[in-house]
Structure formats: structure tokens, C-alpha cells
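Chemist: how would this look folded up:
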Amino acid sequence: MEEYHRPCDEVGFNADEAHNIVKECIDGVLGGEDYNHSNINQWTASIVEQSLAHLVKLGKAYKYIVTCAVVQRSAYGFHTASSCFWDTTSDGTCTVRWENRTMNCIVNVFAIAIVL
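Modeler: Numbering: from 1, shown residues only. Okay, here's the model as predicted:
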């Protein structure tokens, strides 16, 4: 199993920490599994719920949005994009790409600072 990582944008939150949290969640859910369409909803829900729970446990003043896509590997590839309009001095994003021989997974974390 190989993991491909596009560097996370280091802005107002610790993107490396978020990347490590998400990678552990993906490994815990998908590690050792082969693509199975009937498990996708359960797998994606587990990945986003676990990632979000661990991010919230950090106790930082952020609202988080976590998205996850899992697709069967094919010759057609898999491409995603996102765009945000926010305060780049405090808000941030991190994308984790993961794959094994049967599937690809992309998780996006968006962190929006809570201004008190």
C-alpha cells in the first residue's frame, strides 16, 4: 500500500498535524481492505467521523469540514478540486491522498477559525 501526499497548505492551523490524524484514520479504516462497493458508505462515514472527532479533541478554536471520496482504481483516474474564500491568515486546508492496489481515497479538511 502506497500513500501519496500533496503538501498541505500551512496557514493558520497545523496542517501537518491534521494530515497525520487523517492518515491514521484512513489507514485504520481502509488498511488491508480491497474495494467493495457495499462498504463505501460505511468506510467514508467512519473516516470523516473519526477524523473530525480527533481534530476537535485538539481543542483548537476552529470549525472543521471534512470530506472523503473513495473510488475504485481504474484507468480513468480520479481528479478533484476545491476553492475557498476566507481569511488565509487564520483559516486553512489540508488534502490527504491515499491509495492501495484497488482504490483511491481523498480526504479534505477545511479549518475555519472561530473568532471570539
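
Chemist: just the helices in the protein please.
Modeler: 15-30, 40-57 (DSSP state H).

Chemist: closest to residue 102 out of those?
Modeler: Closest to residue 102 of those, according to C-beta to C-beta: helix 15-30, at 9.7 Å. (Each C-beta comes from the backbone N, C-alpha and C, glycine too.)

Chemist: how far does that closest one sit from its chain's centre?
Modeler: 7 Å (C-alpha atoms, centre = their mean, to the nearest Å).

Chemist: now that helix: mean pLDDT?
Modeler: For helix 15-30, mean pLDDT rounds to 97.

Chemist: what about residue 75, how many neighbours?
Modeler: Look at residue 75: counted by other C-beta atoms under 10 Å, it has 4 neighbours.

Chemist: for the one 3 residues further on, same thing?
Modeler: For residue 78, the count of nearby residues is 16 (other C-beta under 10 Å).

Chemist: any idea how far it is from residue 16?
Modeler: From residue 78 across to residue 16, the span is 24 Å (C-beta to C-beta, to the nearest Å).

Chemist: I'd like the helices of the chain as a markdown table, with distance to residue 64 appended.
Modeler: Below are the helices of the chain laid out as a markdown table (distance: least, C-beta to C-beta, whole Å):
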| stretch | distance to residue 64 |
| --- | --- |
| helix 15-30 | 9 |
| helix 40-57 | 5 |
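
Chemist: of those helices, which is nearest residue 63?
Modeler: Of the helices of the chain, nearest to residue 63 by C-beta to C-beta is helix 40-57, at 9.7 Å.

Chemist: fine by me, we can end here.
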